[in-house]
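Asker: what's the 3D shape of this:
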Amino acid sequence: MTDYKEEQASELEAIRSIYSSEEFTEVSSDPDKFDITVTVESASDGKSATVTVRFTYTPTYPDTPPEMCVTNSNLTTTQVTELEQLLREQAEEEIGAVMVFSLVSSVQERLGEMVDKEATAAEQEVESEKQKAEAAAAAFHGTPVTKETFATWKEQFDVEMTGNQRHSNKEVKLTGKQLFERDASLGTSDIKFIEETAADDITDHTNKLSVSNS
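Answerer: Modelled structure (predicted):
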């Protein structure tokens, strides 16, 4: 018959020797309940993440998992849920053997992954903002003028001017029909000119007859 109390006492004694007083805190002795705090620091930006896990021995531990929960952390709710899920899954795999140290080690490893992920995301965001700022500055200052850039611009300018000139010439060379359609008043002007010319001719002829008769 398994002596659960003896196994729990032996593990608890080992835990006290592994963790410092800042990391290990006894909450109660009946049942045995204690907190273990884990802190991980990012190597890239120096930011840290801290989580405290509370363990409570069940009467038949380690043949049943201990009760576990995250009591304190500077993590998001999603991250806390992820760690608690990790604890439950691993505890089920280790039933039959003392497991607190193993569980805490898994939490520490996952916590390190979270910190590194956040550090990488922060670095990418900083780099993205830097690139945006550089692009905005380049757009503001424009492209520096060099012999090469001026020659390229001049070539494009000459091509555009040639194209505009050709287009302008085509517009000047309009047919009579096009001119008429473009300005309908031209037809009216021609008729008016013919009428005025005919009237002048009649007047001149009448004057000549009057002079002859006199």
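Asker: can you tell me how far the closest residue to Arg16 other than its chain neighbours is from Leu12?
Answerer: When the adjacent residues along the chain are set aside, Arg16 lies closest to Phe24, with 6.3 Å between them (C-beta to C-beta, 6 or more residues apart in numbering). Heads up, the C-betas are built off the backbone N, CA and C, glycines and all. Distance of Phe24 to Leu12, given as C-beta to C-beta, to the nearest Å: 10 Å.
Asker: for stretch 100-114, buried residues please.
Answerer: Going by neighbour count (16 or more other C-beta atoms under 10 Å), the buried part of stretch 100-114 is Val100, Leu103, Val104, Ser106, Val107, Arg110, Leu111, Gly112, Met114.
Asker: in CSV, list those along with pLDDT, distance to Arg88 and secondary structure.
Answerer: Shown next, in CSV, are the buried residues of stretch 100-114 (pLDDT from 0 to 100; distance: C-beta to C-beta, whole Å; DSSP: H, G, I helix; E, B strand; the rest coil):
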residue, pLDDT, distance to Arg88, secondary structure
Val100, 98, 14, helix
Leu103, 97, 10, helix
Val104, 97, 14, helix
Ser106, 96, 11, helix
Val107, 96, 12, helix
Arg110, 94, 13, helix
Leu111, 93, 16, helix
Gly112, 91, 20, helix
Met114, 91, 18, helix
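Asker: go through stretch 70-79 and flag the buried ones.
Answerer: Buried, per 16+ other C-beta under 10 Å, within stretch 70-79: Val70, Ser73, Leu75, Gln79.
Asker: contacting residues for the residue nearest to the second one when sequence neighbours are not counted?
Answerer: The reference is to Ser73. Excluding its sequence neighbours, the residue lying closest to Ser73 (C-beta to C-beta, 6+ apart) is Val51, at 4.1 Å. Contacts here follow C-beta atoms under 8 Å, 6 or more residues apart in numbering; on that basis Val51 touches Thr37, Val38, Val70, Asn72, Ser73, Leu75, Val80, Leu83, Val107, Leu111.
Asker: please apply the same query to Pro66.
Answerer: By C-beta under 8 Å, 6+ apart, the contact list for Pro66 reads Phe55, Thr56, Tyr57, Thr58, Ala91, Met99, Val100.
Asker: so which strand or helix has the fifth one?
Answerer: With elements taken from DSSP states H and E, the one containing Ala91 is helix 77-93.
Asker: show me what that helix is packed up against.
Answerer: Judged by 3 or more C-beta pairs under 8 Å, 6 or more residues apart in numbering; DSSP states H and E, helix 77-93 is in contact with strand 48-56, strand 67-73, helix 100-141.
Asker: can you put these in JSON lines and add distance to Glu148?
Answerer: Formatted as JSON lines, these follow (distance: least, C-beta to C-beta, whole Å):
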{"stretch": "strand 48-56", "distance to Glu148": "52"}
{"stretch": "strand 67-73", "distance to Glu148": "59"}
{"stretch": "helix 100-141", "distance to Glu148": "17"}
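Asker: of those, which approaches Glu7 most closely?
Answerer: Closest to Glu7 of those, according to C-beta to C-beta: helix 100-141, at 11.4 Å.
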